[in-house]
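[1] sequence? don't have it. structure:
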């Protein structure tokens, strides 16, 4: 190896190490330090105070409602995302580009605007609100309103992960399965789903993270009623406004814990999936 080649290799190695160090430092500053501060402030008055704040009834209810919202919203949006991705990648029809644009709307609309829109639609003075209230089915300031607005703001996540992948994969495998006599259900179960499973998982995780952390739209439609329609982000905000800083950080650790559990589950599923090949 010539001296010039060795010098280039050494320069490249130095540059790679510098980039790795920069990436690690940035990740630590942006991710690790905030998480460490959250747990530090939550535990600064001791474990007993921390547990008392975690077990406070309104905080427990907020945590339960946050997880319930995710359990309701994520499966629905998984089904919606698969259906939309299948439709726009396997068929050509009039209005296809319009549908693709509509899917992107929740990303271009502020969550606050989305919440206000639902308020104008289902509120007491809204377009459908008076009719629903007269029928004994009020929507605004209920848990159902949280479900609706969460469905809206997270609707694109699964579809956006699946559409590019399914376009790239094409239809050859599915057409081959059909030509061999597979039914539509068999084709989807044994051909389509295995090919999209990791993109589907990633989209579901993004959807779940957004559901649990959504604040703006939920704050408009929920009414932020303590112990009834407060999700964890709203509960954290209320605790801060009540000058209960320790309680707010304690509630924030629950949100951080749910996020970490989600990431760990994703890694475990990927590891098991990789080990099965």
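    Received the coordinates, thanks. None of the values given here were measured: they were computed from a predicted structure.
[2] tell me the mean pLDDT over the lengthiest helix in the chain?
    In the chain, taking DSSP state H as the definition, the longest helix is helix 57-90. Here helix 57-90 scores 93 as its mean pLDDT.
[3] how far does the very next helix or strand once past that helix sit from the chain's center?
    Counting by DSSP states H and E, the next helix or strand C-terminal to helix 57-90 is helix 96-103. From the chain centre to the centre of helix 96-103 is a distance of 21 Å (Cα atoms, centre = their mean, to the nearest Å).
[4] what's helix 96-103 packed up against?
    Applying 3 or more Cβ pairs under 8 Å, 6 or more residues apart in numbering; DSSP states H and E, one finds that helix 96-103 makes contact with helix 57-90, helix 156-169. All C-beta spots, glycine's among them, are computed from the backbone N, C-alpha and C.
[5] list the contacts of the helix or strand following that helix.
    Counting by DSSP H and E, the next helix or strand C-terminal to helix 96-103 is helix 105-108. Under the criterion Cβ atoms under 8 Å, 6 or more residues apart in numbering, residues 114, 152, 153, 154, 155, 156 lie in contact with helix 105-108.
[6] for the one helix or strand residue 35 maps to, buried residues please.
    Using DSSP H and E, residue 35 falls within helix 33-42. Within helix 33-42, the residues scored as buried using 16 or more other Cβ atoms under 10 Å are 38, 39, 41, 42.
[7] from the contact counts, what lies against that helix?
    Counting contacts by 3+ Cβ pairs under 8 Å, 6+ apart, helix 33-42 packs against helix 245-275.
[8] state the mean pLDDT of the helix it packs on.
    Averaging pLDDT along helix 245-275 yields 79.
[9] tell me which residues touch the residue nearest the centre of the chain, please.
    Geometric centre of the chain, nearest residue: residue 207, 2.5 Å, by Cα atoms, centre = their mean. By Cβ under 8 Å, 6+ apart, residue 207 lies in contact with 73, 74, 77, 78, 154, 157, 158.
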